[in-house]
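**Q** whatever this is, show me its structure:
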Amino acid sequence: MFNFDDANRKSKEAVDTALRTYSDTTRGFQAIAAEAADYSKKSFQDAVTHFETLAGVKSFEAAFELQTNYVKTYFEGLVSETTKLSEMYADLAKSAYKPYEAPIAAAVAKTTRQAQPATPAAA
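**A** So this is what the prediction gives:
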């Protein structure tokens, strides 16, 4: 028989979980956006400083060395930032999935138990 109290409780739990997940996900995206904005500002400032320095160079060799060092530093920073952002996205995905992990596992287990394949009768 259908129990309205259980249905109401489960419905409230589902809504609370969804709202909590939405809030956590929003905070995660805000942190990622702030990190990306900070990196963009720093990268732009570094580029401006580099080009100001590059403009004052007197020889081709010095310009080549300066440019080589800048590209190397830029690439290392980009790899580091990309790694950091990908870890932030992975953590966000894990935290968004966490509240649903147990209910989904329980539903799968229940469905698996109910849908046991019929064994063929011996001929």
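**Q** what mean pLDDT does stretch 21-39 have?
**A** Regarding stretch 21-39, the rounded mean pLDDT is 95.
**Q** now what about that stretch, what contacts it?
**A** With C-beta atoms under 8 Å, 6 or more residues apart in numbering as the test, stretch 21-39 has contacts from 81, 84-85, 88-89, 91-92, 95-96, 99-100. From N, CA and C alone the C-beta is placed, and that goes for glycine too.
**Q** check stretch 68-87 too.
**A** Contact partners of stretch 68-87, identified using C-beta under 8 Å, 6+ apart, comprise 32, 35-36, 39, 43, 46, 50, 54.
**Q** using the three-state scheme, assign Val57.
**A** Using DSSP: H, G, I helix; E, B strand; the rest coil, the secondary structure recorded for Val57 is coil.
**Q** and it, how far from Asp5?
**A** 78 Å (C-beta to C-beta, to the nearest Å).
**Q** when these two are compared, which one has more neighbours?
**A** More crowded of Val57 and Asp5, by other C-beta atoms under 10 Å: Val57, with 14 against 7.
**Q** pLDDT score for the more buried one?
**A** The model reports Val57 with a pLDDT of 92.
**Q** what's the nearest residue to it if we skip its chain neighbours?
**A** Closest residue in space to Val57, ignoring its immediate chain neighbours: Ala63 at 4.5 Å, by C-beta to C-beta, 6 or more residues apart in numbering.
**Q** Asn8 - how many residues pack around it?
**A** Neighbour count for Asn8, taken as other C-beta under 10 Å: 10.
**Q** what do you get for Gln45?
**A** 10.
**Q** next up, the contacts around it.
**A** Gln45 neighbours (C-beta under 8 Å, 6+ apart): none.
**Q** that one in helix, strand or coil?
**A** Counting by three-state DSSP, the backbone at Gln45 sits in helix.
**Q** spit out the contact partners of Tyr97.
**A** With contacts defined as C-beta under 8 Å, 6+ apart, Tyr97 has no neighbours.
**Q** run a quick neighbour tally on Phe60.
**A** With neighbours defined by other C-beta under 10 Å, the count for Phe60 comes to 8.
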